[in-house]
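Participant: would you be able to build a 3D model of this:
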Amino acid sequence: TVPEGELALEALGYSFEKLILYTASLGLGTCWLGGTFKRSEFAKAMDVKDNELFPAISPIGYPFGKKRLVESLSRLIIKADLRKDWEALFFKNDFSQPLTQAEAGEFAFPLEMLRLAPSAANKQPWRIIKTDNAYHFYKTKALENSRASFDIQKVDIGIAACHFHLAAL
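Facilitator: Below is the predicted model:
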């Protein structure tokens, strides 16, 4: 959970993804769940306060060796393994000029790790603009028909920032 506030969901996405990545480095399996769990039941058990947001949860455990048919079909349907092309995500100076990997230089690797980051419904809502020596993060329009009372794509921006920052380090 995270107390409501400016950049709270982005901070939660960053911190939780850092935990997810660490857990994966230990050989444990994880899976971000944002819209497919009974939030009210977990919130009750966790004693979530009125001023707190509870956007996501993850099971942690030992992965089953072989993917089951249902999991493989689910991943295919939601296009879980597809990612947007580099040119659709990264720009220079404004949104009219795609940033090439050559122009990104030493930041090509962190940007590629960001491109591969998970996101709600695999929407990859981040867009990055490079200006001089800075990278500016932007979020596309929120998902339509979201049942949540918060913008889950703000969590995605935190996840993206985590991938970029850790890869840059």
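
Participant: which residues sit against stretch 111-127?
Facilitator: Residues outside stretch 111-127 that contact it (C-beta atoms under 8 Å, 6 or more residues apart in numbering): 17, 32, 34-35, 78-80, 82-84, 86, 89-91, 95, 99, 101, 104, 128, 135, 137-143, 152-153, 155-157, 159-160, 162-164, 166-167. To be clear about C-beta, it is placed using only N, CA and C from the backbone, and glycine gets the same treatment.

Participant: buried set for that stretch?
Facilitator: Within stretch 111-127, the residues scored as buried using 16 or more other C-beta atoms under 10 Å are 111-115, 117-121, 123-127.

Participant: the bottom helix or strand of the chain by mean pLDDT?
Facilitator: helix 69-77 (a mean of 64; mean pLDDT, DSSP states H and E).

Participant: tell me where the chain has helices.
Facilitator: Listed in chain order, the helices of the chain (DSSP state H) span 8-25, 39-46, 69-77, 86-89, 101-104, 108-115, 152-168.

Participant: flag the shaky bits of this protein, pLDDT-wise.
Facilitator: Across the chain, the ranges flagged by pLDDT under 70 are 67, 69-81, 142-148.

Participant: let's go with 80 and repeat that
Facilitator: 35-36, 64-81, 142-149 (pLDDT under 80).

Participant: related to what we said a few turns ago, what's the closest of the helices of the chain to Pro55?
Facilitator: Nearest to Pro55 among the helices of the chain is helix 152-168 (5.3 Å), distances taken as C-beta to C-beta.

Participant: how about the contacts made by Ala160?
Facilitator: For Ala160, the residues meeting the contact criterion (C-beta under 8 Å, 6+ apart) are Gly13, Leu114, Ala117, Ser119, Trp126, Phe137.
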